[in-house]
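In: how does the following fold in three dimensions:
(3 chains)
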Amino acid sequence: MTEILRTGASGRTSLASLTGSGQGVLGILLVVLCLGISAAAPQFYSEANIIAILRQCALVLIVASGMTMLVIAAEVDLSVGASLAFVGCISMAVLNATGSLTLGVLAALAFASGVGLVNAIVVTLFRVNSLIGTIGTMMLLQGGVYLFTREAVQNHHQLASFTALGAGYAGPVPIPLILAVAIFAVCAVTLRFTTIGRYLYAVGANERAVRLSGIRSARLKLVAFVVTGLCVGVAGLILASLMNAGQPTAGRGFELTVIAAVILGGTSLSGGSGSLIGTLLGVLVLKVIDNGIIILGWNQDLQMVVPGVVIILATYFDLLRSRHHAR
Amino acid sequence: MHDDLALFAEEPPMAIDIAVPALEMRGIGKRFPGVLALEAVDLTLAPGKVHALMGENGAGKSTLIKILAGVYQSDAGTMRIHGRDVAIKSPRDSLRQGIKVVFQEIALIDEFSVAENIFLEGHPTDRFGTIDWRKIRTDCADLFERIGFAIDPAARTGSLPVSQQQMVEIARALAHQASIVVMDEPTSSLTPKEVKLLFTIIRRLTALGIAVLYVSHKLDEVFEIADTVTVLRDGRHISTRPIGEHTDDSLIQDMIGRRIVDLFPRQRGPAASRVALSVEGLSTRKLHDVSFEARAGEVVGFFGLMGAGRTELAKAIVGYDPIRAGTIMVDGQWMTPHNTAVGVGLGIGLLSEDRKVEGLMGELPVYQNASLASLGRFAAHGFVDAGKERQAVQTYVERFRIKTPSLFQKVKNLSGGNQQKVLLSRWLMLGLKVIVVDEPTRGIDVGAKSEIFGLIDELAGAGLAVVMMTSEMPELLGLSDRVVVLCEGRVTASMSREEATQEKILNAAIGSQGRASHEFRV
Amino acid sequence: MSFASDRLEGAPSVWRRLIARQEVAVLVCLLALLVFFSVSAENFLSTRNITNVLGQASLALIAGIGCAVVFISGEVDISIGSLLATVAVPLIVVMNDTNSLFLGISAALVVGLAVGMINGFLCAYVGLNSLIVTLGMMFVLRGGVYLYTGQRAIADEAGLDSFIALSDGRLFDVLPYSAVIAIVLLAAFAYVLRYRPFGRQVYAVGGNSEVARLAGYDVRRIKFACFVISSLLATCSGIILAARVGSAQHIAGLNFEFQVVAATVLGGVSLSGGIGSLGGMALGVLILQFLSNGLRSLDLPTEWQLVITGLIIIAAVSLDEVKRRRAHGD
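Out: Below is the predicted model of the structure:
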């Protein structure tokens, strides 16, 4: 009995987490989607298409890894889309000015984690609800990026190492995918095995209890916001590299895709529960749908509708789950 | 006082047949996860009579009232109002049946004026459906004048002191055309003068044939106002008798059902002389110059009426809330105020009165709840050694006899008593020197209560200083080595266990105000 | 706690109550802004410019009523910007087909009503977080418009005079019709919020939904109604916008919802519900509109508007939080 009841980091038994958090359902959904799409369009299983899907997933998964930590701590960051565009422009501008990949990467990471820090201050110090507060920073960034540059910042440095960030391969594996897997693994290990991870769940489950236990909850939230920011930094670099330019208009709706993936993966918006495995499945489902829309030749504007519908449905399932558990 | 019945110019709410009971509840049952709150309870209210409902905390009084108010639905039983079978599924149904419940927690809209709150159930309108604000103001002013209220009808409700808000809440019952008025502990925050006014109001209600259900645990109030008394205990109906057949002793006997001594098996020895906690001149928004000491192995019990500042004191000394002045020393070391991290580091922690909001992480398993404060102990380089952690929790589960199917059970599925034990082990695993317990047995079954008492006794026996905040007299007298009484944020008395008597404590708790009705909490 | 001593506390002077209101502070800001721009920009205070600004502000004023009503009920609706673009499609398409303004507006209102009912159902009856639902709705609607229009504007080919009058007609040749509509709607809803039981119920539900439930209110129905009101008013804004640009634009109303939210919280309508007035919201809208008008006349990039909106949202919400905490005494 004890063997069956070995727990995951979220504290659920692994058996229960499969059914209870809907991860099993999500896995089945993923398989059904893949089978359905490939039946209609056999090129779904071509190597090129699979790599395209994975590359698409990489971008979302990187940010969703940080976002999962944040949502587990009962906060959320809606500014990631706007930040993504800004990071691309800034890194490209710095690269153009200095010609140094290190400086470009550092600038991107510093800027993105700075945004995370500002969000953390707004939420923990000013006590603004993070859903609203990060809409505020989203607007700041959207306006700010246009003040920074009205047009795309083109790639004038032509650094091969920068291009490789987005488009390169290590053996048969695209580099963004490697980065995503690394970040995913670090976040997953942190959430599952470390004290910080455990405290993040605790803060999300009951912040007052955590504070009464002598744990500095504001610092934990700050860590989660900054980690999310860093993830956006990495994703912004990859995106700029893929587009070979810093686009001020990039990343619109990106935050919605990320949050839809996280909630779809069974991480509750009310905090305290969820897992990165779920998020991974959520990202895969969303991106397979996206890909399906393209290879089935459907109108690509559907890609905007899907995450909108998914986020509402996923929130509904989350509610059903918590009502089910309350019984 | 205004004793004429002109108060109600209107006719009684409906033609009331005195022969038919205003309310008959038969076999009412209600179950919550882990707790049977009510089992086959009967209650009959006669028109024009005051019926008192008594019982200790957790006896099921509030659940019964909430069923009447439509907040909860009963799982079993039937209800008849004025002889008609009814089903109350929502507060709306309850109001439609002519039931008006005055809750202990004030149910007013803070931002609204007093007058608007009086008419919250239905704004008077003209024939075009436009709200008649002038009528609201004048009717409210008239009502207040007739019953002798000195409250400005235009005042913002949230800006009034609690006692006046409570009176506004009571006055609402008059504006509403009710045939059954339920009052849940209406005097808990009233001044003696206001209590008198309340009783005048109740007598007028009954003179109109309105049935009043008066929920209280204050004996003399009940003897003064009630015609009949029903006592509940552990969710069961114990007795219903005319008040004339009761004495103080017989009522207490019905409510407690056993002698206080049996509940508190004291086993620990005398306290050490080492001072574990020393508080000097502590002041906050609510507290004024509070000083006291607690020695290792000692239980210091703080008693006070509602609003005396017990919870505020508890939260200030553990560093959760900011303070204005004073020093707190834990085990001889100065503690940084408003910093729980320092407090926990020095070895002082709080077992909060509100388990759900400030203690439990309901969605997380038992073992994670227990190890929260001491998680660092089980970690190396930031990685948690889960095996070591669970083993440590397991010892406490066994030591405290925590009833849980496994360590991985979500803590919200445990019963109140077991939840409290999990929270106690959270602190004991850390190894505290001082534990502050605020209302440790609130919302806990009677059986589990004495277990919690035993644990507190054991903690003190093991050398912890225990600071206990309580509003329950038997708990206070049974457990404390020393009793400190708070009144309006000040210490008004401090006495040893031997000196302490109920009367002394209550006098100090009532303070200079000299409340007419004294309180007996069991 | 003292039991009898602070009887006087209940009645602060009328003057102090007035000072404490955020509306007054916002009015002072607006006047300061007007003084600043009238000194630094030419023709700023001309009748033409003022009435122009009122005309431009009418979109946000009308939708802002709905936003404020939803806020007061304790919920949020950020789908209104996309709705502006959405309702223009049936409006223009039906008008082009039938040459009837009435049918066009009816079609737009039906779509708006449906969106409001979906939002209301999901938030009030199912109990989902309104910010998430309307965020999702925002993308569903925008995506829907992209799908239908193929990211191209649908031009108004009917060219009905009555429709065009919505954009450039002026009452007595002074006040744009859109501003007149906004003022009439503001007055009507101010009346509803103050003098109809429904209005007071909205405040009560937002102030304390449990108390409202105990007072016998149908909390869910009230919240549902607020979402419907919000969507219908946004539909009105959408119709006026379509008249102004003479087409159904897929990018119409981009970021509009955030401008309205910023104006509403700036005007002292609390996100936590139960507090605020339409007057405050209107002042908030005017401040933002004069600001953007002034920025343009000073030749500053209009993107500052976005930055300022973001700052206002953060500042106003944190101020609201400070006030709330002070009122609760912790």
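In: ok and the residue in chain B nearest chain A?
Out: At 2.6 Å from chain A, B:Val344 is the closest residue in chain B, using Cβ to the nearest Cβ. (C-beta placed from N, C-alpha, C; glycine too.)
In: surely that residue touches A:Ser213?
Out: Yes - with contact defined as Cβ atoms under 8 Å, B:Val344 and A:Ser213 form a contacting pair (6.4 Å).
In: in chain B, which helix or strand is least confident?
Out: helix B:260-263 (a mean of 53; mean pLDDT, DSSP states H and E).
In: dump the following helix or strand past that one to CSV, restricted to CA.
Out: Next helix or strand after helix B:260-263 toward the C-terminus (DSSP states H and E): strand B:275-283. Output of strand B:275-283 as CSV, limited to C-alpha atoms (Å, rounded to 0.1, in the frame of the first residue of the first chain):
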residue,chain,number,x,y,z
VAL,B,275,11.3,33.1,32.6
ALA,B,276,10.7,32.0,29.0
LEU,B,277,8.7,35.0,27.8
SER,B,278,8.6,38.5,29.2
VAL,B,279,6.4,41.2,27.7
GLU,B,280,7.0,44.8,28.9
GLY,B,281,4.7,47.8,28.2
LEU,B,282,3.3,46.4,24.9
SER,B,283,1.0,48.7,23.0
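In: and B:Ser494, that's in a strand?
Out: Yes - judged by DSSP: H, G, I helix; E, B strand; the rest coil, B:Ser494 forms part of a strand.
In: show me what it is bridged to.
Out: B:Val484 (DSSP bridges).
In: from C:Ala108, how far off is it?
Out: Per Cβ to Cβ, to the nearest Å, B:Ser494 is found 74 Å from C:Ala108.
In: what about B:Ile28, how many neighbours?
Out: Using other Cβ atoms under 10 Å in any protein chain shown, B:Ile28 has 24 other residues around it.
In: helix/strand/coil for the residue lying closest to it once chain neighbours are set aside?
Out: In this structure, B:Ile28 finds its nearest non-sequential neighbour in B:Gly77, 3.7 Å apart by Cβ to Cβ, 6 or more residues apart in numbering or on different chains. Here B:Gly77 is recorded as strand under three-state DSSP.
In: wait, B:Gly77 sits on B:Met25?
Out: Yes - B:Gly77 lies in contact with B:Met25 (Cβ under 8 Å); the separation is 6.4 Å.
In: so between those two, which is more surrounded?
Out: When neighbours are counted by other Cβ under 10 Å, B:Met25 comes out ahead of the other of B:Gly77 and B:Met25, with 22 against 18.
In: what is whatever helix or strand that one lives in packed up against?
Out: Using DSSP H and E, the element containing B:Met25 is strand B:23-32. In terms of contacts (3 or more Cβ pairs under 8 Å, 6 or more residues apart in numbering or on different chains; DSSP states H and E), strand B:23-32 is packed against strand B:35-45, helix B:61-69, strand B:76-81.
In: most tightly surrounded among the ones you listed?
Out: helix B:61-69 (a mean of 23; mean count of other Cβ atoms under 10 Å in any protein chain shown).
In: counting by contacts, list what that one packs against.
Out: Short answer (3+ Cβ pairs under 8 Å, 6+ apart): helix B:61-69 packs on strand B:23-32, strand B:35-45, strand B:50-54, helix B:91-96, strand B:99-102, strand B:180-184, strand B:211-215.
In: okay if I get those as TSV plus mean pLDDT?
Out: Output for those, formatted as TSV (pLDDT from 0 to 100):
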stretch	mean pLDDT
strand B:23-32	87
strand B:35-45	85
strand B:50-54	91
helix B:91-96	89
strand B:99-102	89
strand B:180-184	90
strand B:211-215	92
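In: out of those, which is closest to B:His338?
Out: Evaluated over these, closeness to B:His338 peaks at strand B:180-184, with 34.9 Å, by Cβ to Cβ.
In: other residues contacting that closest one?
Out: B:22-23, B:45, B:61-62, B:65, B:68-69, B:81, B:97-104, B:170, B:173, B:202, B:205, B:210-215 (Cβ atoms under 8 Å, 6 or more residues apart in numbering or on different chains).
In: so is whichever helix or strand comes after that strand next to chain C?
Out: Under the assignment DSSP H and E, the closest C-terminal helix or strand after strand B:180-184 is helix B:192-207. Yes - Helix B:192-207 reaches chain C (Cβ under 8 Å from any Cβ of the partner chain) through B:Lys193.
In: now do helix B:192-207: which elements does it pack against?
Out: Helix B:192-207 packs on helix B:133-147, helix B:162-175, strand B:211-215, helix B:219-225, going by 3+ Cβ pairs under 8 Å, 6+ apart.
In: helices or strands next to the shortest one in the packing?
Out: If I follow you right, that is strand B:211-215. strand B:35-45, strand B:50-54, helix B:61-69, strand B:180-184, helix B:192-207, helix B:219-225.
In: can you show me the helices along the stretch 51-200 of chain A?
Out: Per DSSP state H, counting those that start in this stretch, the stretch 51-200 of chain A carries helices over the ranges A:80-98, A:101-120, A:130-148, A:160-167, A:175-193, A:195-205.
In: can you show me the strands along the chain?
Out: I'll assume chain A. A:153-154, A:169-170, A:173-174, A:245-246 (DSSP state E).
In: if you could check chain C rather than the one you did, that'd help
Out: C:154-155, C:170-171, C:175-176, C:247-248.
In: contacts for the last one next, please.
Out: In this structure, residues lying in contact with strand C:247-248 by Cβ under 8 Å, 6+ apart are C:85, C:88-89, C:91-93, C:145, C:149, C:153-156, C:242.
In: please repeat the previous calculation with a cut-off of 10 Å.
Out: Applying Cβ atoms under 10 Å, 6 or more residues apart in numbering or on different chains, the contact partners of strand C:247-248 are C:85-93, C:95-96, C:108, C:145, C:148-149, C:152-157, C:238, C:241-242.
In: which ones among the residues you listed map onto helices?
Out: Among the contacts of strand C:247-248, the members falling in helices (DSSP state H) are C:85-93, C:95-96, C:108, C:145, C:148-149, C:238, C:241-242.
In: neighbours of residue 179, just the number please.
Out: The chain I'm using is chain A. A:Leu179 is flanked by 20 other residues according to other Cβ under 10 Å.
In: wrong one, I was asking about chain C
Out: When neighbours are counted by other Cβ under 10 Å, C:Ala179 registers 23.
In: surely it is in contact with C:Ser167?
Out: No - if you go by Cβ atoms under 10 Å, C:Ala179 and C:Ser167 don't touch, sitting 11.9 Å apart.
In: okay, and the common contacts of these two?
Out: Common neighbours of C:Ala179 and C:Ser167 (Cβ under 10 Å, 6+ apart) are C:Gly55, C:Ile240.
In: count the neighbours of B:Ala460 for me.
Out: B:Ala460 is flanked by 28 other residues according to other Cβ under 10 Å.
In: again with A:Thr279
Out: 29.
In: for B:Asp227, same thing?
Out: If you count neighbours by other Cβ under 10 Å, B:Asp227 ends up with 16.
In: and what of A:Ile294?
Out: When neighbours are defined as other Cβ under 10 Å, A:Ile294 has 16 of them.
In: re the thing from before, and of the helices and strands packed on strand B:211-215, who's closest to B:Ala379?
Out: strand B:35-45 (35.9 Å).
In: residue closest to the middle of chain A?
Out: Nearest to the mean C-alpha position of chain A, by Cα atoms, centre = their mean, lies A:Ala64 at 1.7 Å.
In: list the contacts for that residue?
Out: Residues in contact with A:Ala64 (Cβ under 10 Å, 6+ apart) are A:57, A:71, A:80, A:180, A:183-184, A:187, A:228, A:231, A:235, A:257-262, A:265, A:267, A:276, A:279-280, A:282-283, A:286.
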